[in-house]
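**Student:** mind folding the following:
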Amino acid sequence: MSCPEWRYHLLRAASERFQTAPALSMPNVWQVERLARKTLALENQVLATQKRETRRFQNRNSLRQWQRFGNVMTTMRRFSSDLENNGLDENTLQLALRRELIFDAVMQQVGARAEAITAVDEQLFYELQRDRFARPERRTARHILLTINAEFAENQRDVALERIERIAAQLQGQVEQFGTLASQHSECPTAMQQGQLGTLPRGQLYPALDAALFALAEGEISGVVESELGFHLLLCEQIEPAELMTFAQVQPQIHVLLQTRRQREYQKSWLAQLSETKA
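**Tutor:** Sure, this is the predicted structure:
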């Protein structure tokens, strides 16, 4: 094939699959060609059978779609060498992009014909997928870190351990001083935020720190904990227990998920019917 539409689909397929322009030397060039052949055939089929929708789109001149067109044109102009090497110029690119935008508009119109999602559909999905909406236990934490570095006297292992044990002794019975001491002594960038680590679920910290944090009671300070970074003291400021989000909390995202899925299924069915009609 040598038409501009084919060259555009080839360039797009290579960019999406391998983040590069197509070239005969590509080890997987056949994958790019197969994808481009498939997307071009689909585009041709939809546009050929939907002339009325195509004219309607062109006459309506959808602002959102044309804004997208302008954004894509601006981006593609930055890759003028790739366009030229693949037999494209600005005029042929405009033609290919117009076809793509019309194709997208037609598919959106087709998807909009899908049956609407009902409250029963949403509730059923929630009941069958409860694990999906469980929020794990999270803990708000601060820490103080003293690193181990043999090149510095104060960070020799024994010296760093002695220093952090002195800080731990200062903190006994004075939890409210943790942030101040983190600002003064911690060798982590979080010292600028008084040692704040944020609110975390399990698995976000180094294993030793994770285990220590989730063993603490609310308002409790750990003993000295060693990680790959050095020695730490941890403060568990707040515990948010695990909970199941309510249907009301997640209903909007369930609606979008189910509606999108149903529209895609309708689009696939519609495309299959086109193929059968063509055959």
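
**Student:** any weak-confidence spans in the stretch 151-279 of the chain?
**Tutor:** Across the stretch 151-279 of the chain, the ranges flagged by pLDDT under 70 are 277-279.

**Student:** would you map the strands across it?
**Tutor:** Along the stretch 151-279 of the chain, the stretches classed as strands by DSSP state E, counting those that start in this stretch are 196-201, 225-226, 230-240, 243-244.

**Student:** what does the last one contact?
**Tutor:** The contact list for strand 243-244, computed with Cβ atoms under 8 Å, 6 or more residues apart in numbering, reads 130, 133-135. Bear in mind the C-beta positions are built from the backbone N, C-alpha and C, glycine included.

**Student:** of those, keep whichever come out buried.
**Tutor:** The neighbour count (16 or more other Cβ atoms under 10 Å) marks residue 133 as buried among the contacts of strand 243-244.

**Student:** still on that earlier bit, turn the strands of the stretch 151-279 of the chain into a markdown table, including mean neighbour count and distance to residue 260.
**Tutor:** A markdown table is the format used below for these (neighbours: other Cβ atoms under 10 Å; distance: least, Cβ to Cβ, whole Å):
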| stretch | mean neighbour count | distance to residue 260 |
| --- | --- | --- |
| strand 196-201 | 16 | 27 |
| strand 225-226 | 19 | 45 |
| strand 230-240 | 20 | 30 |
| strand 243-244 | 12 | 24 |
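
**Student:** quick one: closest of those strands to residue 159.
**Tutor:** Of all the strands of the stretch 151-279 of the chain, strand 230-240 sits nearest to residue 159, with 10.7 Å by Cβ to Cβ.

**Student:** could you export the strands of the stretch 151-279 of the chain as CSV, including distance to residue 273?
**Tutor:** Formatted as CSV, these follow (distance: least, Cβ to Cβ, whole Å):
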stretch, distance to residue 273
strand 196-201, 46
strand 225-226, 63
strand 230-240, 50
strand 243-244, 41
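
**Student:** out of those strands, nearest to residue 150?
**Tutor:** strand 230-240 (12.0 Å).

**Student:** picking that back up, the contacts of strand 243-244 in helices, which ones?
**Tutor:** Taking DSSP state H, every one of the contacts of strand 243-244 sits outside helices.
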